[in-house]
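> Task: produce atomic coordinates for the following.
(chains A and B)
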Amino acid sequence: MGESITFWVLAVVSVIAALGLVFSRRAVYSALMLGVVMLSLAVLYAVQDAPFLAAVQIIVYTGAVMMLFLFVLMLVGVDSSDSLVETIRGQRFWAIVAGLGFAALLGLGIGNTLIAAPKGLAVANQNGNVPSLAELIFTRHVFAFEVTSALLITAALGAMVLAHRERTEPKPTQRDLSRARFVEFGRHGKNPAPLPGPGTYARHNAIDMPALLPDGTVSPLSVNRVIARHEAEEGTLAPEVAQILQQEEEGK
Amino acid sequence: MNNPGPTLSDFGHDPLWISIIKAVAIFVFLMLGVLFGVWTERKLISRMQHRYGPNRAGKFGLLQSVADGLKMGLKEDLMPRTVDKVIYFLAPVVIAVPAFLAFSVIPFGPMVWMFGHKTPLQLTDLPVAVLLVLATASIGVYGIVLAGWGSRSPYAILGGLRSSAQVVSYEIAMGLSFVAVFLKAGTLSTSEIVAKQAGGGTWDIFGMHIPTPSWYVFSLIPSFLIYAVTMLGETNRVPFDLPEGEGELVGGFHTEYSSSLKFAMFMLAEYVNVFTVSAMAITLFLGGWRAPWPISLWDGANTGWWPMLWFFAKLALAFAFFVWVRASLPRVRYDQLMAFGWKVLIPLNLGWILLAATLQALRLPESNRNGILAFGAVVVIAGLGIWLRFDTVNQRRREARAAEVEEEFEQLREEPAAGGFPVPPLDLPHYHGVVPSARAPKEEVTSGSN
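Residues are numbered from 1 along each chain as shown, chains lettered A, B, ... in the order given. Here you go, the predicted model:
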């Protein structure tokens, strides 16, 4: 009873999410829809007395793989669209061949389970769900899992090699950077300290307020040029700031 | 004295209304826990910083968080114009719901009588309960990512990416620190892990029977220490609260959420997550609801409703640890944080798991002990050999670097302006006419050495 209710609710949710995944125009929405499909699958596994598979589905697929997708999508940009030019020759042909092969494999696998008499969950989970799975993974299917892990490690290594950049000089440490700043100060008098924040020593703490030096004059380093330009247009620019900008103009 | 508590077969027999009572009780406990947790944190950290903390609303300021909560509920809910409305709205929900879910597998106590039913003080348990906690944590990360992306603001997206990268990385180290517990307990269910910590074995040395402590914090101390670090990283708490590095990112992923009800959800999720990781630390390492040593001598300590009190006491102490850390440690730099997680915690953890597995294998009655010991000796000798080789290389590098620094100091002592460094005039009045380099050389103090 509970199982069939869960199934029908999740069926509606996951089919709608899957359709949304295909038809959504934003890549991030598609990725989120895929996440919903994966979560529904996990709940279905849990209902089918496979709690370990459900937990792993969430941790590995929803938590790690999908998160990676999302990261890439977000870093690539909000509204970038894929280029539809096919660069691999014969891509369609081989894609169709691979698709047919996969369909045949899937059909064989499902047919196999339909023809053979099912053993039932009670037999499969005789020693408990987790130990039974562990036994299968580490005895009968150990080679398949090792091969898969070798494949994944190869892929990770390949990505690292492709992204690797040889350093030609040692990375400057904070100490080196600090020394360089002071040498610069000694030679050319360039201020080694960070730029003063707006509003330092001022009566206002806002981004459009220039910092005051201890003697009360305005520090030119702290004048925000962008805001000053807007204020000049509006006619609200403070006279001392205007004077500084004027002097700078003449200095050039 | 040794009431082992419920096992997996004790779950799943509750009538629906008892499950509902338990679920509501957990929800109320977490909500009240957050209210008073915020108060405790603010009060405790102010005492550590020699100030009073909130003391206006109610006695001892106890109602301060209630007032803050009301304020957040009544404030105008601003929706920035450019945000992605669906995702902006969804993110606080996605982060808050899984935070509560994780508490359904935390054992609060043994079997008790509740309205005429004998039932365990735990909502539910699974053969994979600990993995469920990891799974809910990984769904909670979506809330962070979505809040960052949906806000359409550079601060928020950078904060969201930082924060989720941090949580995902520290989750690996956290999951690995559970492995030794699984190996030792032989189960992934929380109630059974607590049951396994009921009684320690004895250590036979020269005919003397020394009882060994039963909590895993003693026998698996490396795992516990690594877990204690990762729980700070996993919950984005000081010293790992990079996502809200105010100087760099304003509020991180929740910059665009004004202090309205949505922001309250983020706050709620953060505190509930702190409670969850603390409760996991208690369950996996600190004996769960079992009474600590002097109390456990009393026969009734681990029966009835008493264990709930021990559990809450442990939870309060674990929370106080979070506050103590926040009061003591500065924030670390982001690259240092990631390097620490990936290059220190994970390799250490893997090595420790190998060691723990070997020790566990030695205890099996049918194991070939001599074979394991010989293999272990080979591994240890090879490891030592590699370490010695690299240590001499490192030693030589360190010495070369120290010599370089010493040489530079020598040069600067002779001629302070060497290399173009700015130096004040050397005959200033407070030098009393003595050129500093002519005085007795002083010990050079580098920055950061206090």
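> and the gap between the nearest residue in space to B:E244 that is not next to it in sequence and chain A?
Counting by CB to CB, 6 or more residues apart in numbering or on different chains, B:E244 lies nearest to B:G252, which is 4.1 Å off, once chain neighbours are set aside. Using the backbone N, CA and C atoms, a C-beta is placed for each residue, glycine as well. Distance of B:G252 to chain A, given as CB to the nearest CB, to the nearest Å: 15 Å.
> If you tally nearby residues, what's the number for B:G252?
26 (other CB atoms under 10 Å in any protein chain shown).
> Which residue would be the closest one in the stretch 351-450 of chain B to chain A?
Closest to chain A within the stretch 351-450 of chain B is B:P422: 3.7 Å, counting by CB to the nearest CB.
> typo on my end, chain B
For chain B, CB to the nearest CB, closest residue to chain A: B:S138, 2.7 Å.
> Am I right that that residue sits in a helix?
Yes: remark: B:S138 belongs to a helix, assigned using DSSP: H, G, I helix; E, B strand; the rest coil.
> any idea how far B:I144 is from it?
The spacing between B:S138 and B:I144, counted by CB to CB, to the nearest Å, is 11 Å.
> Let me see the contact set for the residue in the stretch 1-150 of chain A that chain B sits nearest to.
Across the stretch 1-150 of chain A, the shortest distance to chain B (CB to the nearest CB) belongs to A:G63, at 2.7 Å. Counting by CB atoms under 8 Å, 6 or more residues apart in numbering or on different chains, A:G63 touches B:134-135, B:137-139, B:141, B:168, B:171.
> By neighbours, which of those residues wins?
B:A137 (28 neighbours).
> can I assume that one is in contact with B:L101?
No: B:A137 is beyond contact range of B:L101, at 10.0 Å (criterion: CB atoms under 8 Å).
> The closest residue to chain B within the stretch 101-250 of chain A: how many residues sit nearby?
At 3.7 Å from chain B, A:G186 is the closest residue in the stretch 101-250 of chain A, using CB to the nearest CB. By the measure other CB under 10 Å, the count of residues near A:G186 is 16.
> That one: helix or strand, and which one exactly?
helix A:174-188 (DSSP states H and E).
> where are the low-confidence patches of the chain?
This is for chain A. A:77-84, A:198-205, A:252 (pLDDT under 70).
> The intended chain is chain B.
B:1-4, B:200-212, B:245-248, B:259, B:425-450.
> I'd guessed the residue nearest to B:E244 sits against B:S164; true?
No: taking contacts as CB under 8 Å, B:G252 lies outside contact range of B:S164: 10.7 Å.
> joint contacts of these two?
With CB under 8 Å, 6+ apart as the test, B:G252 and B:S164 both reach B:G148.
> First-to-last residue distance for stretch A:74-86?
24 Å (CA to CA, to the nearest Å).
> how about stretch B:82-99: buried residues?
B:83-84, B:87-88, B:90-92, B:94-96, B:98-99 (16 or more other CB atoms under 10 Å in any protein chain shown).
> Spell out the secondary structure type for B:V423.
coil.
> ok, it - contacts?
Applying CB under 8 Å, 6+ apart to B:V423 gives the contacts B:416-417.
> Show me where chain B has its strands.
With DSSP state E as the criterion, chain B has strands at B:109-114, B:117-121, B:202-205, B:208-211.
> Show me which residues of the helix holding A:G186 are buried.
For helix A:174-188, by 16+ other CB under 10 Å, it's A:183, A:185-186.
> In TSV: those residues, plus distance to A:F23.
Shown next, in TSV, are the buried residues of helix A:174-188 (distance: CB to CB, whole Å):
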residue	distance to A:F23
A:V183	60
A:F185	60
A:G186	64
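> burial measure for B:F312, as a count.
When neighbours are counted by other CB under 10 Å, B:F312 registers 14.
> same question but for B:T119, I mixed them up
Neighbour tally, B:T119, other CB under 10 Å: 20.
> List the contacts of the closest residue to B:Y257 other than its chain neighbours.
Using CB to CB, 6+ apart and skipping residues adjacent in sequence, the residue nearest B:Y257 is B:F263, 4.5 Å away. Contacts here follow CB under 8 Å, 6+ apart; on that basis B:F263 touches B:72, B:92, B:254, B:257.
> Of those residues, which count as buried by neighbour count?
Buried among the contacts of B:F263 (16+ other CB under 10 Å): B:72, B:92, B:254, B:257.
> Let's have the buried residues of stretch B:82-99 in JSON lines, adding distance to chain A.
Shown next, in JSON lines, are the buried residues of stretch B:82-99 (distance: CB to the nearest CB, whole Å):
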{"residue": "B:V83", "distance to chain A": "12"}
{"residue": "B:D84", "distance to chain A": "8"}
{"residue": "B:I87", "distance to chain A": "8"}
{"residue": "B:Y88", "distance to chain A": "13"}
{"residue": "B:L90", "distance to chain A": "9"}
{"residue": "B:A91", "distance to chain A": "11"}
{"residue": "B:P92", "distance to chain A": "16"}
{"residue": "B:V94", "distance to chain A": "10"}
{"residue": "B:I95", "distance to chain A": "14"}
{"residue": "B:A96", "distance to chain A": "16"}
{"residue": "B:P98", "distance to chain A": "10"}
{"residue": "B:A99", "distance to chain A": "15"}
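> residue contacts, B:E244?
By CB under 8 Å, 6+ apart, the neighbours of B:E244 are B:159, B:236, B:250-252, B:254.
> just A:L21 next, same as before
A:L21 touches A:30, A:33-34, A:37, counting by CB under 8 Å, 6+ apart.
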